[in-house]
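*Asks:* this one's structure only:
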Ligand code: PGA
């Protein structure tokens, strides 16, 4: 049975002061249920990089995991503006979002970069959350599966079956991110099912059955339950709704 993973991606929001306040409000609602939640799910917050130390402090003694939104694949070197896995790990970061559509579309990250980052995360025993997803134009041209499979194939190049239980995939249709237009649970399941089949072919059925596949794109407290009810939707990557203690707590507690 796969453990759920529900992750808040704060993107470039919340300063250290705001983050401390947010975490205090969130913990007040989540901590009393922590042992119940821990039975079947991991919960995670991914703040802006510079806010990670403040959030690490605010999360001390909680059941939350701490994630980063991006990282470089090298451990150090002449890469102005970047941070590395060892730097993040020093603050207790255990997960890293890789190849988010905003990184791909605004910062022109390629599948090749994504693949290097996934392998770097695994090398450092971090959990890579590799994002895939099609644009509206690609969906309308019936290219969803083709695009997602290309991202999967390139992103997981040279990643062995032994990593199946660690790697997390996030299916995030670009047209659903920050737009209020969620994919229906059926639309999402169709792509999640295709991703699972791809993983079956890549790693074999039993390894592929261990990989968690999250859905992301306008997840709210109102639609999380119906999404998680689908067989291949193992959690969520949540942007906007993770920025307020109430909605974030409701999503983290979904179904518990
Ligand atoms: P959203 O963002 O929930 O605001 O649509 C999701 C994401 O980009 O991870």
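*Replies:* Now that the structure is in, tell me what you want to look at. Predicted model, so just to flag it, every value in this text is computed and none were measured.
*Asks:* could you use CA atoms for every contact and neighbour count after this?
*Replies:* OK.
*Asks:* show me where the protein has helices.
*Replies:* 16-30, 34-38, 52-58, 85-89, 101-106, 111-123, 136-140, 144-155, 185-203, 205-208, 224-228, 245-252 (DSSP state H).
*Asks:* so which bits of the first one are buried?
*Replies:* Buried residues in helix 16-30, counted by 16 or more other C-alpha atoms under 10 Å: 16, 19, 20, 22, 23, 25, 26, 27, 29, 30.
*Asks:* isn't residue 149 right up against residue 195?
*Replies:* Yes - using C-alpha atoms under 8 Å, residue 149 is in contact with residue 195, at 7.2 Å.
*Asks:* what residues does the stretch 151-256 of the chain put near the ligand?
*Replies:* 176, 177, 178, 216, 217, 218, 219, 237, 238, 239, 240 (C-alpha under 6 Å from any ligand atom).
*Asks:* so what's the last one up against?
*Replies:* Applying C-alpha atoms under 8 Å, 6 or more residues apart in numbering, we find residue 240 in contact with 10, 178, 218.
*Asks:* just give me the neighbour total for the residue in the stretch 1-150 of the chain that the ligand sits nearest to.
*Replies:* Proximity of the stretch 1-150 of the chain to the ligand (C-alpha to the nearest ligand atom) peaks at residue 9, 5.7 Å away. For residue 9, the count of nearby residues is 24 (other C-alpha atoms under 10 Å).
*Asks:* which residues touch it?
*Replies:* Counting by C-alpha under 8 Å, 6+ apart, residue 9 has contacts 45, 46, 47, 69, 237, 238, 239, 242.
*Asks:* who wins for most neighbours among the residues you listed?
*Replies:* That'd be residue 238 among the contacts of residue 9, by other C-alpha under 10 Å, with 29 neighbours.
*Asks:* ok, what's across the strand from that one?
*Replies:* Under DSSP bridges, the beta-bridge partners of residue 238 are residue 8.
*Asks:* now the helices of the chain as JSON lines including mean pLDDT?
*Replies:* Converted to JSON lines, those look like this (pLDDT from 0 to 100):
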{"stretch": "helix 16-30", "mean pLDDT": "98"}
{"stretch": "helix 34-38", "mean pLDDT": "96"}
{"stretch": "helix 52-58", "mean pLDDT": "98"}
{"stretch": "helix 85-89", "mean pLDDT": "98"}
{"stretch": "helix 101-106", "mean pLDDT": "97"}
{"stretch": "helix 111-123", "mean pLDDT": "98"}
{"stretch": "helix 136-140", "mean pLDDT": "96"}
{"stretch": "helix 144-155", "mean pLDDT": "98"}
{"stretch": "helix 185-203", "mean pLDDT": "98"}
{"stretch": "helix 205-208", "mean pLDDT": "97"}
{"stretch": "helix 224-228", "mean pLDDT": "98"}
{"stretch": "helix 245-252", "mean pLDDT": "98"}
